[in-house]
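Student: Provided below for reference: sequence and predicted model.
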Amino acid sequence: MIMNTSVNIAGVELKNPVMTASGTFGSGAEYSEFVDLNKLGAVVTKGVSAVPWPGNPTPRVAEVYGGMLNAIGLQNPGVDVFASRDIPFLQQFDTKVIVNVCGKTVEDYIAVVERLNEEPIDMMEINLSCPNVKAGALAFGQDAKVLAGVTSALRMVCKKPMIIKLSPNVSNIGDMARAAESAGADAVSLINTLIGMKIDINRRKFVLANKTGGFSGPAVKPVAVRMVYEVAQAVQIPIIGMGGIANAEDAIEFILAGATAVSVGTMNFVDPRTTEKVVQGIEEYMRKYDVQDIKELIGAVNQ
Amino acid sequence: MAKEKQTAVVVKQEKLTEGVYSLVIKAPMAGQARPGQFVAVFPKDKSHLLGRPISICDADPAAETLRLVYRVAGNGTAEFSALQSGNTVDVLGILGNGYDLSIFAGKKVIVIGGGIGIPPMLMTAKQFAGEKVAVLGYNGGDLFLKEEFDKECTTYVATMDGSAGTKGTVIDAIKAEGITGDVILACGPMPMLRAVKEYAKGNGMMAFISLEERMACGVGACLGCVTKTTEVHHHTNVENARICLDGPVFNAEDVNI
């Protein structure tokens, strides 16, 4: 049987719907020892800002039941080093390159977007939802009007398809997705991490230096699937679904809920080959259920 | 060499002292191990997802075995302590830079281990062929691994409770015993490493120290386990470095601890 696993996001054709979640895969180099990047639909890089960011104090990570917390604080080398080192590395592979963009002010985001416009990348994912950076980021992603404003401003300067990454830390994720769509977003990705906290009861201290951190991993998956479903009911633009995806079954849940593509995040840390295994497992599922084109599965949960 | 996640088979496990276990596992990656490197060991209980970074105490490339000596510190290591011969356990490795001992040729090396930082220094002491001496710091109680260090080199002990060797820290033992050398290689708790760094600087010695931090990926991708560096690091482009990939062994002069 000839199967079609390719999906299209804003005119960009991905060979399959499996991507990496920003921040969990570096810029691909570290995991290229484990994974054949040519087999992935896209690599989504760690967030990049206009100037280097040193990130938060340590401890930055903590394990919790069925997942983890992180408060890295978007440490990154800045867009210049990223563009001269990491983009050429990714260009060696037959996969799409999506660069995650972060900032503290609208001007920051614009500077990064403009710097990336001429680079050989396929899309930009705008991080309006990092819970670990006090200024900007999350604040931009928690108010529909603010989110629409930033999205419109970036849409005017961004020459690539633009994905808006949504925060789950809102009362109505559908409203946020609608705001992004109406302001010109080409796609939305969700969920970013949920805000969590862990306390060491023996030392009576916060485990993370930042006190709070982004909660991710298999424990968050039901929340993420529900939110992808809600967003699928709210907007027409493609959805990139993520949140605790550990295997192909999880990925297919997201696709059935309405995601066009999926990202593997935290589980890269648990099994570095998770992304490739998800690609294989999706093909097995399609064979088992005689699905000839993966697009038949998008949003195909029975109502 | 390529890193891999492998399913290792437990060869044997023994309790060395209260809460400290010695686990020998058979995994092909053992052939690549250098002193000072580590592996991530994964709990079977899937509610605890992340690999536990554990230093390599010894490796036998011919037998393809790794020896891991670790302290039970939480649910993951508690699970590992129940492993028995024939059981399997998933391991990601080999991780970290480890010591390049060749650069110390012709120098006298002081190998220092403190507490659960002692195990990786055993392989370091074993593999360094030149002049060497070991100094081990314990809180007190059983001097785990001490007899094995004795086979490699003259080994001094410091105990915080004074039950054996010099009462106090490893630095107290170095002073009390008049130990001298050109280079210090050390792993242990942060206060010890800070004291080692200061002592080495004050005495015109080089010091290479092994750091630890809470980790997630273990391969340099997540930036969870960074240490502050004295200068902008060539990879991160900010003043910090990844302990799991750029370390865990650092020249003490290069890190702000």
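Tutor: That came through fine.
Student: Go through stretch A:67-80 and flag the buried ones.
Tutor: A:67-79 (16 or more other Cβ atoms under 10 Å in any protein chain shown). Glycine gets a C-beta too; all of them are placed from N, C-alpha and C.
Student: which strands and helices sit next to the lowest-mean-pLDDT helix or strand in chain A?
Tutor: Scoring the helices and strands of chain A by mean pLDDT, DSSP states H and E places helix A:138-141 at the bottom, with a mean of 76. Using 3 or more Cβ pairs under 8 Å, 6 or more residues apart in numbering or on different chains; DSSP states H and E, the elements in contact with helix A:138-141 are helix A:144-157.
Student: hang on, the earlier thing: other residues contacting the least confident helix or strand of chain A?
Tutor: With contact meaning Cβ atoms under 8 Å, 6 or more residues apart in numbering or on different chains, helix A:138-141 is reached by A:128-131, A:146-147, A:150, A:165-167, A:169-170, A:176, A:192.
Student: and with 7 Å instead?
Tutor: With contacts defined as Cβ atoms under 7 Å, 6 or more residues apart in numbering or on different chains, helix A:138-141 is touched by A:128-131, A:146-147, A:150, A:166-167.
Student: Make a ChimeraX selection of the buried ones in the residues you listed.
Tutor: Here is the ChimeraX command that selects the buried residues among the contacts of helix A:138-141 (16+ other Cβ under 10 Å):
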select /A:128,129,130,131,147,150,166,167
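Student: so the closest residue to chain A within the stretch 101-250 of chain B is in which element?
Tutor: Closest to chain A within the stretch 101-250 of chain B is B:Asn237: 3.3 Å, counting by Cβ to the nearest Cβ. Here B:Asn237, judged by DSSP states H and E, is contained in no helix and no strand.
Student: filter the buried residues of stretch A:67-80 by proximity to chain B?
Tutor: A:67-68, A:70, A:72, A:75, A:77-78 (Cβ under 7 Å from any Cβ of the partner chain).
Student: could I get those residues as TSV with pLDDT and secondary structure?
Tutor: Listed next are these as TSV, based on pLDDT from 0 to 100; DSSP: H, G, I helix; E, B strand; the rest coil:
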residue	pLDDT	secondary structure
A:Gly67	98	strand
A:Met68	98	strand
A:Asn70	97	strand
A:Ile72	96	coil
A:Gln75	96	coil
A:Pro77	97	coil
A:Gly78	97	coil
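Student: and which of these is nearest A:Val301?
Tutor: Closest approach between those and A:Val301, by Cβ to Cβ: A:Gly67, at 24.2 Å.
Student: and that closest one, what does it touch?
Tutor: A:215-220, A:244, A:266, B:49.
Student: Spatially nearest residue to the residue in the stretch 1-150 of chain A that chain B sits nearest to (excluding sequence neighbours)?
Tutor: Proximity of the stretch 1-150 of chain A to chain B (Cβ to the nearest Cβ) peaks at A:Pro77, 3.3 Å away. Distances taken as Cβ to Cβ, 6 or more residues apart in numbering or on different chains put B:Asn237 closest to A:Pro77, at 3.3 Å, once the chain neighbours are dropped.
Student: Could you give the backbone dihedrals for that neighbour?
Tutor: phi 70, psi 20 (degrees, to the nearest 10).
Student: doesn't A:Val51 make contact with it?
Tutor: No - judged on Cβ atoms under 7 Å, B:Asn237 makes no contact with A:Val51 at a distance of 9.7 Å.
Student: okay, and the common contacts of the two?
Tutor: Counting by Cβ under 7 Å, 6+ apart, the shared contacts of B:Asn237 and A:Val51 are A:Gly78.
Student: Mind listing residues that contact stretch A:22-29?
Tutor: A:31, A:37, A:43-47, A:72, A:86, A:89-90, A:100, A:125, A:127, A:265-266, A:268-269, B:220-222.
Student: measure it end to end?
Tutor: One end of stretch A:22-29 sits 14 Å from the other (Cα to Cα, to the nearest Å).
Student: buried sites along that stretch?
Tutor: Buried, per 16+ other Cβ under 10 Å, within stretch A:22-29: A:22-29.
Student: Can you flag the buried ones in the contacts of A:Gly67?
Tutor: A:215-220, A:244, A:266, B:49.
Student: Take those residues and write them to CSV, including distance to B:Ile116 and secondary structure.
Tutor: What follows is the buried ones among the contacts of A:Gly67, written out as CSV (distance: Cβ to Cβ, whole Å; DSSP: H, G, I helix; E, B strand; the rest coil):
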residue, distance to B:Ile116, secondary structure
A:Phe215, 29, strand
A:Ser216, 29, strand
A:Gly217, 27, coil
A:Pro218, 30, helix
A:Ala219, 29, helix
A:Val220, 33, helix
A:Gly244, 32, coil
A:Thr266, 27, coil
B:Leu49, 23, coil
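Student: As a markdown table, the buried residues of stretch A:22-29 with pLDDT and secondary structure would be great.
Tutor: Below are those laid out as a markdown table (pLDDT from 0 to 100; three-state DSSP):
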| residue | pLDDT | secondary structure |
| --- | --- | --- |
| A:Ser22 | 97 | coil |
| A:Gly23 | 96 | coil |
| A:Thr24 | 97 | coil |
| A:Phe25 | 97 | coil |
| A:Gly26 | 95 | coil |
| A:Ser27 | 94 | coil |
| A:Gly28 | 96 | coil |
| A:Ala29 | 96 | coil |
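Student: does any part of the longest helix that chain B contains sit near chain A?
Tutor: Using DSSP state H, we find that the single longest helix of chain B is helix B:190-202. No - Helix B:190-202 lies apart from chain A when judged by Cβ under 7 Å from any Cβ; the minimum separation is 11.3 Å.
Student: how about that helix: buried residues?
Tutor: Buried, per 16+ other Cβ under 10 Å, within helix B:190-202: B:192-193, B:195-197, B:199-200.
Student: any idea how far A:Asp108 is from A:Val146?
Tutor: As for A:Val146, its distance to A:Asp108 is 15 Å (criterion: Cβ to Cβ, to the nearest Å).
Student: hang on, I meant A:Ala10
Tutor: On the measure of Cβ to Cβ, A:Ala10 and A:Asp108 end up 23 Å apart.
Student: swap in B:Glu14?
Tutor: For B:Glu14, the distance to A:Asp108 - Cβ to Cβ - is 56 Å.
Student: more crowded one of these two?
Tutor: With neighbours defined as other Cβ atoms under 10 Å in any protein chain shown, B:Glu14 and A:Asp108 compare such that A:Asp108 has more, 18 against 10.
Student: Spatially nearest residue to the more buried one, not counting backbone neighbours?
Tutor: A:Ala50 (5.1 Å).
Student: Secondary structure element holding the residue lying farthest from the centre of chain A?
Tutor: Distance from the centre of chain A peaks at A:Asn202, with 35.0 Å (Cα atoms, centre = their mean). Taking DSSP H and E as the definition, A:Asn202 sits outside all helices and strands.
Student: same question, A:Ile98
Tutor: Going by DSSP H and E, A:Ile98 is part of strand A:96-101.
Student: which residues are in contact with stretch A:293-303?
Tutor: A:4-5, A:7, A:17, A:232, A:252, A:255-258, A:260, A:286, A:291.
Student: How about stretch A:97-106?
Tutor: A:19, A:22, A:42-50, A:74, A:87, A:90, A:109, A:112-113, A:116, A:121-127, A:130, A:133, A:135-137, A:150, A:153, A:163.
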